[in-house]
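Participant: Here is the input, now give the coordinates:
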Amino acid sequence: MPDVPSLSRDGTKTMLRSLLLVPAILALGQITHAQDIRPQEAPSLTQARIFLHQHTDVPCDDRDNPNLTRADRVELLSASGRVETRLYDLYCDNSGAQTTRVFLVWWSFDGRFRLLHFASPVFTFQYRDEAVRVELARPVSVTGFETLTALPEGKFDPATGTITSTTPWSLQGEAGTTGRWKLNHATTRFDLVSYTVDPYHESDLPPPQRPAWAGKSVRLFPFGP
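Facilitator: Coordinates of the predicted model:
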């Protein structure tokens, strides 16, 4: 039988030191890898607009006009350590007398933009007299829901974490719809919390009758009395 080589005390110490170095090397590799995938820096508004113009779900005005985009802004929605979620509030276009806005969410951990979609009721009603658009022959009723990617007069309130959209139906602003969506931190989306419609054009009435209809509205969401 061949002789089995024996280790000296110094040789044993050398082997132990080598074995102890293995976990340290592996740990160093893990640290290096973790540094490689650390969260990214937040993109600029210019980068957000490039993403918006390349997105096929929302046809926005792509003119590079600072007068149109000067209200664009970035808001911090949440932060935990180095992981951040930011909201990009961007100009989309002018639809008649109102401006529509688009909202993107960016999460630092994957470094991607997401175009937000907003649930909105679809409804129907009928006036008793189209020349005097106040009294209703058929009341306002919800027939379904749709999703919006651009919100007329969209505004984000960082104090409440809500986005509000108001759509006037006339230059007087006396009739129209108002929707409100609130940030859901679990999904990083905005859930519909209220939606009302004001179908009453009180300017069609003689001035003495207008105050009785001013400010009236019909709640479409949430459901119930």
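Participant: what's the helix or strand where C92 lies packed up against?
Facilitator: Per DSSP states H and E, C92 falls inside strand 83-95. Packing contacts for strand 83-95, counted by 3 or more C-beta pairs under 8 Å, 6 or more residues apart in numbering; DSSP states H and E, involve helix 45-54, helix 66-69, strand 73-80, strand 98-107. Placement of C-beta: from N, CA and C, glycine included.
Participant: if you set the cut-off to 10 Å instead, what comes out?
Facilitator: helix 45-54, helix 66-69, strand 73-80, strand 98-107, strand 112-115, strand 151-152, strand 155-157, strand 162-168 (3 or more C-beta pairs under 10 Å, 6 or more residues apart in numbering; DSSP states H and E).
Participant: Show me how this protein divides into domains.
Facilitator: Annotated domains of the chain cover 40-116, 118-225 [automatic domain parsing].
Participant: returning to what we had before: per-residue confidence averaged over the strand holding C92?
Facilitator: For strand 83-95, mean pLDDT is 92.
Participant: just stretch 212-225 next, same as before
Facilitator: 90.
Participant: picking up where we left off before, in TSV: the helices and strands packed on strand 83-95, plus mean pLDDT and distance to A212.
Facilitator: Rendered in TSV, the data for these read as follows (pLDDT from 0 to 100; distance: least, C-beta to C-beta, whole Å):
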stretch	mean pLDDT	distance to A212
helix 45-54	94	44
helix 66-69	87	40
strand 73-80	95	40
strand 98-107	94	27
strand 112-115	96	43
strand 151-152	95	28
strand 155-157	98	30
strand 162-168	95	20
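Participant: ok, and which of the ones you listed has the densest surroundings?
Facilitator: Burial of the helices and strands packed on strand 83-95 is given as mean neighbour count (mean count of other C-beta atoms under 10 Å); strand 151-152 ranks first at a mean of 22.
Participant: show me the residues around P43 that make contact.
Facilitator: P43 makes contact with I50, F51, V74, R86, Y88, L104, W106, S108, G111, R112, F113 under the criterion C-beta atoms under 10 Å, 6 or more residues apart in numbering.
Participant: Could you dump the residues you listed into TSV with distance to T166 added?
Facilitator: Listed next are the contacts of P43 as TSV, based on distance: C-beta to C-beta, whole Å:
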residue	distance to T166
I50	29
F51	26
V74	23
R86	25
Y88	21
L104	21
W106	26
S108	32
G111	33
R112	30
F113	26
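Participant: Check those residues and tell me the two furthest apart.
Facilitator: Pairwise distances across the contacts of P43 (C-beta to C-beta) peak at 18.4 Å, for the pair I50 and S108.
Participant: Return the closest of the contacts of P43 with respect to T147.
Facilitator: L104 (15.3 Å).
Participant: Now the closest one. Nearest residue, chain neighbours left out?
Facilitator: Distances taken as C-beta to C-beta, 6 or more residues apart in numbering place Y88 nearest to L104, at 4.1 Å, with adjacent residues excluded.
Participant: hang on, the earlier thing: closest one to G179 among the helices and strands packed on strand 83-95?
Facilitator: Going by C-beta to C-beta, the one of those nearest G179 is strand 162-168, 4.9 Å.
Participant: what distance separates the closest one from the centre of its chain?
Facilitator: Centre-to-centre, strand 162-168 and its host chain are 13 Å apart (C-alpha atoms, centre = their mean, to the nearest Å).
Participant: who does it pair up with?
Facilitator: strand 155-157 (antiparallel), strand 176-184 (antiparallel) (DSSP bridges).
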